[in-house]
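Novice: Give me the fold of what follows.
(chains A and B)
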2 protein chains.
Amino acid sequence: MRASRPVVHPVEAPPPAALAVAAAAVAVEAGVGAGGGAAAHGGENAQPRGVRMKDPPGAPGTPGGLGLRLVQAFFAAAALAVMASTDDFPSVSAFCYLVAAAILQCLWSLSLAVVDIYALLVKRSLRNPQAVCIFTIGDGITGTLTLGAACASAGITVLIGNDLNICANNHCASFETATAMAFISWFALAPSCVLNFWSMASR
Amino acid sequence: MRASRPVVHPVEAPPPAALAVAAAAVAVEAGVGAGGGAAAHGGENAQPRGVRMKDPPGAPGTPGGLGLRLVQAFFAAAALAVMASTDDFPSVSAFCYLVAAAILQCLWSLSLAVVDIYALLVKRSLRNPQAVCIFTIGDGITGTLTLGAACASAGITVLIGNDLNICANNHCASFETATAMAFISWFALAPSCVLNFWSMASR
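Specialist: Numbering: from 1, shown residues only, chains lettered A, B, ... in the order given. Okay, the predicted model is just below:
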């Protein structure tokens, strides 16, 4: 996790008196060498709120961002599972493309969910410019691929179901469900992409 | 054009002597009332460069932006024309959707091209926040629709041409050409959308 870094935020300096007291107390217990670190730790505990104040909900490294990633991964996996459960999807290129795009989307969202969980556990922010740039480009590429796959599958599904009326010979319900799941996954991805791009542009 | 406004840029104030000379010269010719306007005009002529310095190439109100809009409109119109030239496109929903999306894309791009031409003619910048916001949202919506229509048509075209091999009974070449034109129109739209969003976020 070279990409993460501690949040830089304006912490009010603790009053010198409090610092001196803390340093003195620690110095009695553990020696003067540990005083600076303990005093800094005391200052951090005195101002725990506001650490993530600048991160909008849904940005990477926030619970909202983690939730969006999990929703993306879940619906991409659902689209993949539903489409793969039909036995005739390999005969249509667009459905194969949907399976490939869903796999990519699922892997990407799960990777970023792991990064978000790590950032939440160690209480670090992911506002590093390089990380945000990589997230934005990855979101843009996977989002475009997922939207394209969903639209292509929707075109085929509508052709089979409405234009040709050959649903009796095909798994129309499964195709429609997989397409809808892919669209939902894309709808969950769009806010992540927009937020990442916004935070990349607004720095 | 309520949305446009003059560029705010740091113009060096003309020397008071030059202003006084210009004002005096005009005052002789047309009376003191016109002096202020003429002096302001003289100041503008003295610093014509740098007026658009902050607009990146491709932003609305620049020649690059106008070029992008014209490319979008041209390829959307080409996709529309090629698709409408086939007699069996109404039998497939995705192709009808492509025609509708191409019409919308063409109208939107032509409207913004007219706005760009106006901005270039009167030498005004389109960096107004409301205008940029409207451009970004419109670009996002039309871009998503165009990409979706292009992908749906591509799915159908690949199904007809590669999966079912029934190109002999269909206008595969026209379908493929229209799909390619729609994709090119989307590729020309993407920079406009990204640039607009960037300039909206970075203010």
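
Novice: After the helix or strand containing A:Thr146, which helix or strand is next? Please name it.
Specialist: Element membership of A:Thr146, judged by DSSP states H and E, is helix A:129-158. Counting by DSSP H and E, the element after helix A:129-158 in chain order, helix or strand, is helix A:172-201.

Novice: Is there proximity between that next one and chain B?
Specialist: Yes. Shown here: helix A:172-201 in contact with chain B (CB under 8 Å from any CB of the partner chain) through A:Phe197, A:Trp198, A:Ala201. Any C-beta I mention is one placed from the backbone N, CA and C, and that applies to glycine too.

Novice: which bits of chain A sit near chain B?
Specialist: Within chain A, the positions near chain B by CB under 8 Å from any CB are A:91-94, A:97, A:144, A:147-149, A:151-156, A:158-159, A:162-163, A:197-198, A:201-202.

Novice: one step back: ok, of the residues of helix A:172-201 next to chain B, which one's closest to B:Asn169?
Specialist: B:Asn169 lies nearest to A:Phe197 out of the residues of helix A:172-201 next to chain B, by CB to CB, at 44.9 Å.

Novice: quick one: A:Gly140 from B:Phe74, how far?
Specialist: 25 Å (CB to CB, to the nearest Å).

Novice: Same question for A:Phe183.
Specialist: For A:Phe183, the distance to B:Phe74 - CB to CB - is 30 Å.

Novice: now swap in A:Leu70 and tell me
Specialist: For A:Leu70, the distance to B:Phe74 - CB to CB - is 43 Å.

Novice: A:Leu126 touches A:Val132, doesn't it?
Specialist: Yes. Taking contacts as CB atoms under 8 Å, A:Leu126 lies within contact range of A:Val132: 7.2 Å.

Novice: Now list whatever residues contact both of the two.
Specialist: With contacts defined as CB atoms under 8 Å, 6 or more residues apart in numbering or on different chains, the residues shared by A:Leu126 and A:Val132 are A:Pro60.

Novice: Compare those two (neighbour count), which wins?
Specialist: Neighbour count, other CB atoms under 10 Å in any protein chain shown: between A:Leu126 and A:Val132, A:Leu126 has more, with 26 against 22.

Novice: Leaving out the residues flanking it, which one is nearest to the more buried one?
Specialist: Nearest in space to A:Leu126, with sequence neighbours left out and distances taken as CB to CB, 6 or more residues apart in numbering or on different chains, is A:Gly61 at 3.7 Å.

Novice: so the one you found makes contact with A:Ala119?
Specialist: Yes. Taking contacts as CB under 8 Å, A:Gly61 lies within contact range of A:Ala119: 3.9 Å.

Novice: show me what contacts the residue most central in space within chain A?
Specialist: By CA atoms, centre = their mean, chain A has its centre lying nearest to A:Arg69, at 3.8 Å. Listed by CB under 8 Å, 6+ apart, the contact set of A:Arg69 reads A:Ser109, A:Leu110, A:Leu112, A:Ala113, A:Asp116, A:Ser192.

Novice: Now with 10 Å, please.
Specialist: A:58, A:60, A:108-117, A:188-189, A:192 (CB atoms under 10 Å, 6 or more residues apart in numbering or on different chains).

Novice: quick one: which helix or strand includes it?
Specialist: helix A:63-84.

Novice: now that helix and helix A:172-201, what's the angle there?
Specialist: Inter-element angle recorded for helix A:63-84 and helix A:172-201: 150 degrees (by axes from the mean of the first three to the mean of the last three CA atoms, to 10 degrees).

Novice: Check which helices and strands the next helix-or-strand element following helix A:63-84 is in contact with.
Specialist: Heading C-terminal from helix A:63-84, the first helix or strand you meet, by DSSP H and E, is helix A:93-121. The helices and strands touching helix A:93-121, judged by 3 or more CB pairs under 10 Å, 6 or more residues apart in numbering or on different chains; DSSP states H and E, are helix A:63-84, helix A:129-158, helix A:172-201, helix B:129-158.

Novice: of all the ones you listed, which lies closest to B:Asn170?
Specialist: Closest to B:Asn170 of the helices and strands packed on helix A:93-121, according to CB to CB: helix B:129-158, at 9.1 Å.

Novice: What about contact with chain A: does the closest one have any residue there?
Specialist: Yes. Counting by CB under 10 Å from any CB of the partner chain, chain A is contacted by helix B:129-158 at B:140, B:144-145, B:147-158.

Novice: That helix - contacts with which helices or strands?
Specialist: If you count contacts as 3+ CB pairs under 10 Å, 6+ apart, helix B:129-158 packs onto helix A:93-121, helix A:129-158, helix A:172-201, helix B:63-85, helix B:93-121, helix B:172-201.

Novice: Now do it against helix B:63-85, angle only.
Specialist: 40 degrees.

Novice: Show me what counts as buried in helix B:129-158.
Specialist: Within helix B:129-158, the residues that count as buried by 16 or more other CB atoms under 10 Å in any protein chain shown are B:131-132, B:135-136, B:138-140, B:142-158.

Novice: roughly how far out does it sit from the chain middle?
Specialist: 14 Å (CA atoms, centre = their mean, to the nearest Å).

Novice: tell me the average confidence for it?
Specialist: Helix B:129-158 comes out with an average pLDDT of 93.

Novice: For the nearest residue to A:Ile103 once chain neighbours are set aside, give me its contacts.
Specialist: Nearest non-adjacent residue to A:Ile103, counting by CB to CB, 6+ apart: A:Leu80, 6.1 Å away. Listed by CB under 10 Å, 6+ apart, the contact set of A:Leu80 reads A:Leu98, A:Val99, A:Ala100, A:Ala101, A:Ala102, A:Ile103, A:Gln105, A:Cys106, A:Ala178, A:Met181, A:Ala182, A:Ser185.
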